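Undergrad: Here is the input, now give the coordinates:
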Amino acid sequence: MSTTTLAVLVPLLPFLGAVAGLLLGRSAPGFVRPLAVLPALAAAVLAVLVAVRQGGGKPIVASTELTPTGSVPIDLALYLDGFAVLVAVLVGVVATCVQLYSTAYLREDPRYPSYAALVSLFTSAMLLVVYSGDLMVLLVGWEIMGICSYFLVGHYWETEAARSASLKAFLVTKLGDVPFLIGLFALAADAGSFEITKILGTVAAGGLDHPTLIALLLLAGVAGKSAQFPLHTWLPDAMAGPTPVSALIHAATMVAAGIYFVARLLPVFAASQAALVVMAVMAAVTMLGSGLAALAQDDIKRVLAYSTVGQLGYMLGALAVGDRGAAIFHLLSHGAFKALLFLGAGVIIHAAGTNSLAAMSRMDGLAKRIPDAFWTMTIALLALAAIPPFAGFFSKEAVLVAAEHAAGGHSESAPSAAGWVVLVAGVLTALLTAAYATRLWLMAFRGRGAAAPDHGKEPVAMTGVLWLLAIPTIGFGLAAGPIADWFDGNELTPSLTTSVLGTGAAAVGAVLTYALWQRATAKAAAVGYGAGASASAAAAESAAETPEVAEVTHDHPAVPAGAAPDPGRALLGPLHRHAADGFHLDAVYDRVFVRPVRAAASLVRFLDREVVDTYVRGAGAGPRLLGSLVRRAQTGNVQSYLSALLAGAVVLAIATAVLANVNAGS
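TA: Below you'll find the model as predicted:
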């Protein structure tokens, strides 16, 4: 079987699994789980075969005209280069892990069949984006992911949090998709084709007439899909969905699509120095802002959500300095350890089983109760903090090396200003990342909050997936040398300067957080904070719920009695309140956009009801009145009709005589 045929089957199999799952979900429930897991597993295996055959060599291109358009053609095209085949492997592996994990995590959920089918469709759409060689076909997968995220984030639609989060995710990403679509049309108009190879050829020949405008329009869509400032606000709220969905969105689909799109079309963005500077500033603001916000969150999934925003900022920063190899390397590395972190958080939520214990400040005794989650999440947090020799260290160092290279003026496309912005922000974010990773570990596994009720041993389908994902989290960074051919042949090895800066900053963040936690714990013990823990535990026990419902609450109440000390408060000081609320960006959007739109809608409603409807009602009132008068004349009495006829004849005779006299006199 040819490589192109295998590549076609990779997105097709999950799609067929989704269709079959939707059709058979109710009539044959025994087939739901096999239809969820097996197509994803088969797609992952085929993606590995495609990657092995492609081997990081010359891109494999195949296309056929989809339909005649009369102008710019649309082709059903495949474009398989080293980036595409490796990202497809990531998507297939993570999707398989999520589907397998979900069979246990959502085993009691009545809507599991539709959930599993939507996850399969989500996976198929992302694989279509990865393999597509035509931008319009890519757009199909891009938009299918948007609607799938809407349904999956709103899975627990009974709750207000889930309904609001799904609507917010849909609207914010659509806000970026509008200029994105315009940018695609402008790009195709300049290049005369939607096919990626022809577009890149046009860029190489200097054929783009409006490179800056096109790049900025496309960047708006990327900011929405990949949760970059200022369109990142939907991602933390999207934690209202089931935890496996969060793992899929954050690790391998949706948010990865925007980064992958920029990497695929990087020459388009590199054609404009201004666009690269804008991209660098966007990445820097995203990295630093998300790091500060993560330090202030109490919900474990929101910490991880802001962490994803920041790590995507690293990837966008690498693209801003013209190194797509470093960006995709970090995308792959991040996909492994972030999927592990989210699925580990799901084990924690599943073990706690209560709303109140979803907050880190209330966790206690989890390290001994769920050792699998403890050890694997410890590995993933070390990778997130970029501690050697874990995968995150090598991939994050690749980004910093690329930024250092551009800052020194050695990049052919990126300005040195972009390099300096990304390098400084990247080092500072390394400190913040290590700080909130250490804080999460301390509060989740070494906290002294309320003891969680023991629900027994966690299912093997959940804990086994954690250990499976721990393998690439530990060892993928060491593969930077052997897989260099897949990354345009660019070296991805750390340099001494960036290693010292990045690892030193991470060490400072981790040590400072631990010291503040120790001090806060000692101070709290001195005043006897633990006295309230038993009360909190009793309240938590009485409020026990299913884990699926428990995880949809993301309020930020004051820390209750019995809660564990929080080093984040000491680190941020007066900034903590603002960081906990995402620096009030939602409030800004509410005042700048939401309220004016609602006011305009109220005005339109008033004009429609009180002005337009008044004219409509008036237009009907005249004929209605005339009809009423005519109806009264219709008595059915023949004598009345003859009398009216005679009176009318007399009036006409008199009028005729008068007119005749007037004409004669004149």
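
Undergrad: How about the contacts made by the residue nearest to the spatial centre of the chain?
TA: For the chain, the residue sitting closest to the mean C-alpha position, by Cα atoms, centre = their mean, is residue 255 at 4.5 Å. Taking Cβ atoms under 8 Å, 6 or more residues apart in numbering, we find residue 255 in contact with 225, 226, 227, 235, 249, 308, 312. From N, CA and C alone the C-beta is placed, and that goes for glycine too.

Undergrad: make it 6 Å
TA: Applying Cβ atoms under 6 Å, 6 or more residues apart in numbering to residue 255 gives the contacts 226, 227, 312.

Undergrad: Just give me the closest of those residues to residue 114.
TA: residue 227 (25.3 Å; Cβ to Cβ).

Undergrad: still on that earlier bit, highest neighbour count among the contacts of residue 255?
TA: residue 227 (31 neighbours; other Cβ atoms under 10 Å).

Undergrad: Go ahead and confirm that residue touches residue 235.
TA: Yes - in this structure residue 227 lies within contact range of residue 235 using Cβ atoms under 6 Å: 4.0 Å.

Undergrad: Mind listing the shared neighbours of those two?
TA: residue 309.

Undergrad: The closest residue to residue 213 other than its chain neighbours and residue 261, how far apart?
TA: Using Cβ to Cβ, 6 or more residues apart in numbering and skipping the chain neighbours, the partner closest in space to residue 213 is residue 186 (6.9 Å). Distance of residue 186 to residue 261, given as Cβ to Cβ, to the nearest Å: 15 Å.

Undergrad: The two: which is more packed in?
TA: residue 261 (20 against 17).

Undergrad: Let me have the one helix or strand the more buried one maps to in PDB, keeping just the CA atoms, if that works.
TA: Using DSSP states H and E, residue 261 sits in helix 255-264. Taking Å, rounded to 0.1, in the frame of the first residue of the first chain, the C-alpha atoms of helix 255-264 are listed here in PDB:
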ATOM      1  CA  VAL A 255      -4.600  25.000  20.100                       C
ATOM      2  CA  ALA A 256      -1.800  23.100  18.300                       C
ATOM      3  CA  ALA A 257      -3.500  23.800  15.000                       C
ATOM      4  CA  GLY A 258      -2.700  27.500  15.000                       C
ATOM      5  CA  ILE A 259       1.000  26.900  15.700                       C
ATOM      6  CA  TYR A 260       1.200  24.200  13.100                       C
ATOM      7  CA  PHE A 261      -0.400  26.500  10.500                       C
ATOM      8  CA  VAL A 262       2.100  29.200  11.100                       C
ATOM      9  CA  ALA A 263       5.000  26.700  10.900                       C
ATOM     10  CA  ARG A 264       3.600  25.300   7.600                       C
END
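
Undergrad: average model confidence for it?
TA: Regarding helix 255-264, the rounded mean pLDDT is 95.

Undergrad: per-residue pLDDT, residue 541?
TA: 38.

Undergrad: residues touching residue 473, list them.
TA: Residue 473 touches 336, 337, 340, 379, 380, 383, 391, counting by Cβ under 6 Å, 6+ apart.

Undergrad: who touches the closest residue to it other than its chain neighbours in this structure?
TA: Spatially, and ignoring its direct neighbours in sequence, residue 473 is nearest to residue 337 (4.4 Å; Cβ to Cβ, 6+ apart). Residue 337 makes contacts with 380, 383, 384, 392, 473, as judged by Cβ under 6 Å, 6+ apart.

Undergrad: again, 7 Å this time
TA: 380, 383, 384, 391, 392, 473 (Cβ atoms under 7 Å, 6 or more residues apart in numbering).

Undergrad: Quick one: neighbours of residue 598, just the number.
TA: Residue 598: 11 neighbours (other Cβ under 10 Å).

Undergrad: What helix or strand is it located in?
TA: helix 595-606.

Undergrad: ok, back up a step: how far out from the middle of the chain is the helix or strand containing the residue nearest to residue 473?
TA: Per DSSP H and E, residue 337 falls inside helix 324-352. Mean-position distance between helix 324-352 and its chain equals 14 Å (Cα atoms, centre = their mean, to the nearest Å).

Undergrad: With stretch 74-83 instead?
TA: With Cα atoms, centre = their mean as the basis, the mean position of stretch 74-83 lies at 24 Å from the chain mean.

Undergrad: for stretch 290-300, same thing?
TA: The answer for stretch 290-300 is 17 Å, by Cα atoms, centre = their mean.

Undergrad: So residue 283 is in contact with residue 315, correct?
TA: No - contact criterion Cβ atoms under 7 Å: residue 283 and residue 315 do not qualify, at 8.1 Å.

Undergrad: Spell out the secondary structure type for residue 636.
TA: Assigned state for residue 636: coil (three-state reduction, DSSP: H, G, I helix; E, B strand; the rest coil).

Undergrad: Actually, residue 389.
TA: coil.

Undergrad: Need the pLDDT of it.
TA: pLDDT, read off for residue 389, is 91.

Undergrad: rewinding a little: sort out for me which of the contacts of residue 255 are in helices.
TA: Among the contacts of residue 255, the residues falling in helices (DSSP state H) are residue 312.

Undergrad: What is the nearest of the contacts of residue 255 to residue 583?
TA: residue 227 (14.9 Å).

Undergrad: Show the backbone phi and psi for that closest one.
TA: Main-chain torsions, residue 227, degrees, to the nearest 10: phi 50, psi 50.

Undergrad: before we move on, what about residue 77?
TA: Backbone geometry at residue 77, expressed as degrees, to the nearest 10, gives phi -120, psi 150.

Undergrad: Run a quick neighbour tally on it.
TA: Neighbours of residue 77 (other Cβ under 10 Å): 24.

Undergrad: quick one: terminal-to-terminal distance for stretch 260-274?
TA: 21 Å (Cα to Cα, to the nearest Å).

Undergrad: Pull the residues that contact that stretch.
TA: In this structure, residues lying in contact with stretch 260-274 by Cβ under 7 Å, 6+ apart are 83, 87, 129-130, 187, 196, 200, 203-204, 208, 211-212, 214-215, 222, 275-276, 279, 319, 322, 324, 327-328, 413, 415.

Undergrad: can you do 8 Å?
TA: Counting by Cβ under 8 Å, 6+ apart, stretch 260-274 makes contact with 79, 83-84, 87, 129-130, 138, 142, 187, 196, 199-200, 203-204, 208, 211-212, 214-215, 218-219, 222, 225, 275-276, 279, 316, 319, 322, 324, 327-328, 331, 413-415, all of which sit outside it.

Undergrad: just stretch 210-223 next, same as before
TA: 176-184, 186-187, 190, 203, 208, 228-232, 258-259, 261-262, 265, 268-269, 271-272, 274-275, 278-279, 282, 316.

Undergrad: These, buried ones only, as a ChimeraX selection?
TA: Buried residues among these (16 or more other Cβ atoms under 10 Å), as a ChimeraX selection:
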select :176,177,179,180,181,182,183,184,186,187,190,203,208,228,229,230,231,232,258,259,261,262,265,268,269,271,272,275,278,279,282,316
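
Undergrad: Could you look up the SS state of the residue nearest to residue 259 when sequence neighbours are not counted?
TA: Leaving aside its chain neighbours, residue 259 sits nearest to residue 315 (4.6 Å; criterion: Cβ to Cβ, 6+ apart). With three-state DSSP as the basis, residue 315 sits in helix.

Undergrad: Tell me how far the strand or helix carrying residue 588 lies from the chain's centre.
TA: Here residue 588 sits within helix 585-589, counting by DSSP H and E. Here helix 585-589 is found 18 Å from its chain centre; the criterion is Cα atoms, centre = their mean.

Undergrad: And it, what's buried?
TA: 585, 586, 589.

Undergrad: Measure how far the helix or strand immediately after the helix holding residue 337 in the chain is from the centre of its chain, please.
TA: As assigned by DSSP H and E, the chain's next helix or strand after helix 324-352 is helix 366-369. Helix 366-369 sits 31 Å away from the centroid of its parent chain (Cα atoms, centre = their mean).
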